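*Asks:* got a predicted model here, sequence first, then my questions.
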Amino acid sequence: MAKLLPTSTAGSLPKPSWLAQPETLWSPWKLQGEELTEGKQDALRVALNDQRVAGIDIVSDGEQTRQHFVTTFIEHLDGVDFEKRETVRIRNRYDASVPTVVGAVSRPEPVFVEDAKFLRAQTDQPIKWALPGPMTMIDTLYDGHYKSREKLAWEFATILNQEARELQAAGVDIIQFDEPAFNVFFDEVNDWGIAALERAAEGLTCETAVHICYGYGIKANTDWKKTLGHEWRQYEAVFPKLQTSSIDIVSLECQHSHVPMDLIELLRGKKVMVGAIDVATGAIETPEEVADVLRKALQFVDDDKLYPCTNCGMAPLSRNVAQGKLAALSAGAEIVRRELSA
Ligand code: ZN
């Protein structure tokens, strides 16, 4: 029987200080050319080893080869001009300088496939690879060509599907689409967002996941969270339709958030990656705190469908804190595993 409560991270881990500025999103690289290529691979090896040492079951690249989870993918596409930048409001929340879509978008060559092969060659553990979701991609650029969020999302979904199929062929076990925008644009999610996501995942035989969260632990997000009241019911708007979708796993945020745990019931039948590690604080959870979140989740999801995870990416944290949190996640899951087998 497969191990119960397999642990994983939402995606990113901090980068080493010789590769990028610590605790900084969108940090420029500190290396160039061949040194950069080698540096990224070394960082990936370190991130993998950190997960292995902490006892994480489903491992990832820690996003060591990307500056940002959305823009690095978009940078590799034709039809997007990175010199031509516009400041737009993203996630309906904060302004960011983003690239412009100037023509038909396409993927001239694979983006992450070589990185995924490199990771696959380093480990026999199950690996998870994160891609941005179509809706989050369109929400992280300025569209001067299609002039339609929906139309552009469908184009991106087609491109993501090409990439996803090649990642699967490279040996990726779980392909995860990151859709923080699902927590903001509820009408669009239900009108076409989930359909576009399913298009991105079409024909995949590996497992598929969607990560929906309240964002990195950066100020714009923590300020936003303060306006959401004491009960966060955003998931309620999108879970019913996700429950009927073809996506296998839903990854969500729980630890220290005000998401009512019973909303998970709306996903019945799906596997659920439950965020049991808060990424908005440098305080390291105790294993017991992690176990407590998992026990609460087990009231609403079967034990063979519960996947302990982090709330979101850990890129902006310090490496020591991230390492401590990974160990806590692992230890907390082990406490609950023992309880389940007792
Ligand atoms: Zn997230």
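*Replies:* Looks like it came in fine.

*Asks:* what comes up buried for the lowest-mean-pLDDT helix or strand in the chain?
*Replies:* Lowest on mean pLDDT, DSSP states H and E among the helices and strands of the chain sits helix 219-226, with a mean of 87. Buried positions in helix 219-226, judged by neighbour count with 16 or more other C-beta atoms under 10 Å: 221, 224-225. In short, each C-beta sits where N, CA and C put it, glycine included.

*Asks:* beyond that helix, next helix or strand please.
*Replies:* helix 234-243 (DSSP states H and E).

*Asks:* hmm, the very next helix or strand once past that following helix touching the ion?
*Replies:* Next helix or strand after helix 234-243 toward the C-terminus (DSSP H and E): strand 249-253. No - judged by C-beta under 5 Å from the ion, strand 249-253 stays clear of the ion, getting no closer than 7.1 Å.

*Asks:* and the contacts of strand 249-253?
*Replies:* Outside strand 249-253, the residues within contact range by C-beta atoms under 8 Å, 6 or more residues apart in numbering are 10, 174, 176, 207-214, 235, 239, 242, 259, 264, 267, 270-275, 307, 309, 311-312.

*Asks:* make it 7 Å
*Replies:* The contact list for strand 249-253 (C-beta atoms under 7 Å, 6 or more residues apart in numbering) reads 10, 174, 176, 207-214, 235, 242, 259, 267, 270-275, 307, 309, 311-312.

*Asks:* so what are the sheet partners of that strand and their directions?
*Replies:* strand 207-211 (parallel), strand 271-275 (parallel) (DSSP bridges).

*Asks:* quick one: which of those is nearest the ion?
*Replies:* Nearest to the ion, of all the strands paired with strand 249-253, is strand 207-211, at 5.5 Å by C-beta to the ion.

*Asks:* on that earlier part again, keep only the contacts of strand 249-253 that also lie close to the ion.
*Replies:* 213, 312.

*Asks:* list the contacts of the residue of the stretch 51-200 of the chain found nearest the ion.
*Replies:* At 5.5 Å from the ion, residue 180 is the closest residue in the stretch 51-200 of the chain, using C-beta to the ion. By C-beta under 7 Å, 6+ apart, the contact set of residue 180 is 91, 136, 212-213, 215.

*Asks:* hey, where'd the helices end up in the protein?
*Replies:* For the chain, the helices defined by DSSP state H cover 33-54, 71-75, 113-122, 134-138, 149-169, 186-188, 194-200, 219-226, 234-243, 287-297, 319-341.

*Asks:* can you give me the mean pLDDT across the shortest one?
*Replies:* Okay, so that is helix 186-188. Averaging pLDDT along helix 186-188 gives 94.

*Asks:* for that helix, buried residues please.
*Replies:* Result for helix 186-188 [16+ other C-beta under 10 Å]: buried residues residue 188.

*Asks:* do the same with the third one
*Replies:* Using 16+ other C-beta under 10 Å as the burial criterion, the residues of helix 113-122 that qualify are 113, 115-120, 122.

*Asks:* likewise the longest one?
*Replies:* Neighbour-count burial for helix 319-341 flags 319, 321-337 (criterion: 16+ other C-beta under 10 Å).

*Asks:* which residue sits closest to residue 118, ignoring its sequence neighbours?
*Replies:* residue 41 (6.1 Å; C-beta to C-beta, 6 or more residues apart in numbering).

*Asks:* from the ion, how far off is the one you found?
*Replies:* 25 Å (C-beta to the ion, to the nearest Å).

*Asks:* please apply the same query to residue 327.
*Replies:* Residue 327 is 21 Å from the ion, by C-beta to the ion.

*Asks:* now swap in residue 250 and tell me
*Replies:* For residue 250, the distance to the ion - C-beta to the ion - is 12 Å.

*Asks:* okay, that residue: pLDDT?
*Replies:* At residue 250, pLDDT is 97.

*Asks:* for the least confident helix or strand of the chain, what is the distance to the chain centroid?
*Replies:* 19 Å (C-alpha atoms, centre = their mean, to the nearest Å).

*Asks:* wait, does it make contact with the ion?
*Replies:* No - using C-beta under 5 Å from the ion, helix 219-226 stays clear of the ion, with a minimum separation of 9.5 Å.

*Asks:* so what touches that helix?
*Replies:* Taking C-beta under 7 Å, 6+ apart as the rule, helix 219-226 contacts 93-94, 214-215, 280.

*Asks:* can you list the residues of the stretch 101-250 of the chain near the ion?
*Replies:* Checking the stretch 101-250 of the chain against the ion by C-beta under 5 Å from the ion, the hits are residue 213.

*Asks:* can you do 6 Å?
*Replies:* 180, 211, 213 (C-beta under 6 Å from the ion).

*Asks:* just send those residues back as CSV, with pLDDT too.
*Replies:* Shown next, in CSV, are these (pLDDT from 0 to 100):
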residue, pLDDT
180, 93
211, 97
213, 89
